[in-house]
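Novice: what would the 3D arrangement of this be:
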Amino acid sequence: MRIHATCLDHVVLNVSDLDASRRWWSTLTGARATRDHEGEVSFVVGGQAIRLREGVPAPRGSISVCLLADASIHDLYERAEELHAVQGEIHPRTAATAPVQALTLEDPDGYQVELATYTPEGAPVP
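Specialist: This is a model prediction of the structure:
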């Protein structure tokens, strides 16, 4: 058996306030929320889903998710400022396929979310 290289299907995050988290993640991703038959709220982002489930969140800072965007780092910073969620400065990171510039945000439950874009000299490796 092999796992498909580009097939991370979804991630589920337990959240303390489903409505507040839905608004936050919707603003962050620009994606429309849908609710499935199990009561989870889903955002399809880049072909994968981020699902939110009402429950006890993981300890603050224990979960980190990186979202790659096709926008400038400055556009990402402006989006983050809309959420009043910037945690620090823009910083270089090594993503799975290439170098990125990133900034770290914190969602309402303390999950760390990196917004990243490929560096001008970097490009994703196919």
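
Novice: can you give me the distance of the closest residue to Val86 other than its chain neighbours to Ser64?
Specialist: For Val86, ignoring the flanking residues on the chain, the nearest one in space by Cβ to Cβ, 6 or more residues apart in numbering is Ala80 at 4.7 Å. (C-beta placed from N, C-alpha, C; glycine too.) To Ser64, Ala80 is 15 Å away according to Cβ to Cβ, to the nearest Å.

Novice: ok, these two, which is more surrounded?
Specialist: Ala80 (19 against 10; other Cβ atoms under 10 Å).

Novice: pretty sure the more buried one sits against Asp107.
Specialist: No. Using Cβ atoms under 8 Å, Ala80 is not in contact with Asp107; the gap is 11.3 Å.

Novice: overlap in contacts of these two?
Specialist: Residues touching both Ala80 and Asp107 (Cβ atoms under 8 Å, 6 or more residues apart in numbering) are Leu28.

Novice: re earlier: got phi/psi on the residue nearest to Val86?
Specialist: Main-chain torsions, Ala80, degrees, to the nearest 10: phi -60, psi -40.

Novice: same thing with Arg32?
Specialist: Backbone dihedrals for Arg32, given as degrees, to the nearest 10, come out at phi -80, psi 130.

Novice: which residues touch it?
Specialist: 26, 43 are the contacts of Arg32 under Cβ under 8 Å, 6+ apart.

Novice: how close does it get to Pro92?
Specialist: For Arg32, the distance to Pro92 - Cβ to Cβ - is 32 Å.

Novice: so what's the closest residue to Ile63 other than its chain neighbours up against?
Specialist: Excluding its sequence neighbours, the residue lying closest to Ile63 (Cβ to Cβ, 6+ apart) is Tyr111, at 4.6 Å. When contacts are counted by Cβ under 8 Å, 6+ apart, Tyr111 touches 13, 57-58, 63-65.

Novice: done for today, thanks.
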